[in-house]
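Colleague: sequence first, predicted coordinates after that:
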Amino acid sequence: MPSIRSRLFTYFLRHRKERPEWDFNTSIPQFRLECEKTTSLFGKKLPEGVEVSPVTVDGLPAEWIIPAGAAKDKVIHYCIGGAYVSGSCRDHRKIVSRIAKGSGVSILLFEHRLAPEHPFPAALDDSVVAYRWLLAKGFSSSNIMIVGESAGGGLCLATLLALRDQSLPLPAAAVALSPWTDLKQTGESYRTNADTCLAPKGMAYVCSKYYVGENDPCLPWISPLYGDLHGLPPILIQVGGDEILLDDSTRFAEKAKAAGVDVTLNVGEGMMHCFALMPSFIPECRKAMNEMCTFIKTRGGRGSGLKNSLICGGLRR
C-alpha cells in the first residue's frame, strides 16, 4: 500500500488545480513555460557539491552536471522528458543533478529539437549526435549509460535500437523512467489508468501526433516496443502503477526479457509518473531514486577513479 506521504502528495497534485484537457489548440509555448515553473517543486538550489558547466554538442545546447569526486571517464547521456514537445536544460537541471549527486557520475544534459516544429526523427537524430560526440571526446561506450524519463525514457530506448542498428558500440546500460514506448497507445493502461494518471487528458494523443508527423507510430525508432530488442545492454525500468504509461513499461520489459535482455522492472504501487524524480520526503520516491543510483554505480562501467576538473566547454580529458 502506498505510504501516507505519497497519498497526501498525490492528493495535493490532483487538487491544486483542475486537471486540464489537451487538444490541438493547446498552446505548446505556454506548456513549455509551465514546465520550467514546476521546477520549484524540487527546491531552489542544486545539491551541494554539484557543478554545472555549459557546453555545445555539435550545435545542441547542453550542460555538464558534475558531482564532486566523479570519475572523469564515466558519463550519463541524459534524454530529457517533455512528451517530445518540451524539455530544456533549465527545467531539468535540478532533477538531473540529484541523479548525478546520488550516483557520483557526471551527466551530459542536452537539448534535442522539439515537436511540432521538429517531428521525428529530429529528437532521435540529436540523441545519436550527442552519443557520437561523447565517443569522439574519448569516452568508452563501456563507461557510458543512457538515462531518460517519460518521452526521454522512450528516446533512451529508441537510441539503443538506433545505435545497434547503425553498428555503433552500445553503452554499458540504460535507465528508463516511465518510458513512452508505444506512441500508437495500444496498452490497456491508457484506458484503465485514465482517471488516476496526473497527466492532462488527451496530452499523449496530441503529442504523439506532433512527434510522429507523417510517419508510422509503430516504427521501432519512434515506438521501441515494436522493435527487435535483441542484443541490448542491461536496462532498469521504473514506472508508476497509476499512470497511463504503465503498459508501455511492462510490455516492453516482457518483450525485452523474451529477447534475452537483462531487464529489471520496478512498478511502484499507487505511484505517479516518473515517481523516482519526485521529492525525496516520499519514501517510495526516495527508494526508487536510490535503486536507480545503485544501478548506475554497479552497471555503468568501472571508470578510472580520477577526479573531474572543469574547463570552459566541458571536461578536461
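Modeller: Good, I have the coordinates. Residues are numbered from 1 along each chain as shown.

Colleague: buried ones in the lengthiest helix in the chain?
Modeller: Criterion DSSP state H: the longest helix present in the chain is helix 283-299. Across helix 283-299, burial judged by 16 or more other Cβ atoms under 10 Å covers 284-289, 291-293, 295-296, 299. Yep, even glycine has a C-beta here, placed from its N, CA and C like the rest.

Colleague: how about stretch 226-236?
Modeller: Using 16+ other Cβ under 10 Å as the test for burial, stretch 226-236 gives 226-227, 229, 232-236.

Colleague: in the chain, where is pLDDT below threshold?
Modeller: The model of the chain has pLDDT under 70 over residues 6-18, 39-44, 301-317.

Colleague: where do the helices sit along the protein?
Modeller: Taking DSSP H, the helices of the chain run over residues 4-15, 28-37, 89-103, 122-136, 151-165, 189-192, 203-212, 246-258, 283-299.

Colleague: quick one: closest of the ones you listed to residue 267.
Modeller: Proximity to residue 267, assessed across the helices of the chain by Cβ to Cβ, is greatest for helix 246-258 (7.0 Å).

Colleague: elements contacting that closest one?
Modeller: Packed against helix 246-258 by the contact rule (3 or more Cβ pairs under 8 Å, 6 or more residues apart in numbering; DSSP states H and E) you find helix 189-192, strand 235-240, strand 263-268.

Colleague: which outside residues touch the first one?
Modeller: So that's helix 189-192. Residues outside helix 189-192 that contact it (Cβ atoms under 8 Å, 6 or more residues apart in numbering): 204, 243-248.

Colleague: residues contacting residue 220?
Modeller: Going by Cβ under 8 Å, 6+ apart, residue 220 touches 158, 161, 226-228.

Colleague: middle-most residue in the protein, spatially?
Modeller: Nearest to the geometric centre of the chain sits residue 148, at 1.7 Å (Cα atoms, centre = their mean).

Colleague: quick check: that residue touching residue 78?
Modeller: Yes. Residue 148 lies in contact with residue 78 (Cβ atoms under 8 Å); the separation is 6.5 Å.

Colleague: need the contacts of helix 189-192 in CSV (columns: neighbour count and distance to residue 37).
Modeller: Conversion of the contacts of helix 189-192 to CSV gives the following (neighbours: other Cβ atoms under 10 Å; distance: Cβ to Cβ, whole Å):
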residue, neighbour count, distance to residue 37
204, 22, 21
243, 25, 21
244, 27, 23
245, 29, 23
246, 25, 27
247, 23, 30
248, 31, 27
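
Colleague: for residue 21, which non-adjacent residue is closest in space?
Modeller: Spatial nearest neighbour of residue 21, excluding adjacent residues (Cβ to Cβ, 6 or more residues apart in numbering): residue 201 at 4.5 Å.

Colleague: what sits against the one you found?
Modeller: By Cβ under 8 Å, 6+ apart, residue 201 lies in contact with 19-22, 194.

Colleague: quick check, nearest of those to residue 177?
Modeller: Each of the contacts of residue 201 was scored against residue 177 by Cβ to Cβ, and residue 194 proved nearest at 20.6 Å.
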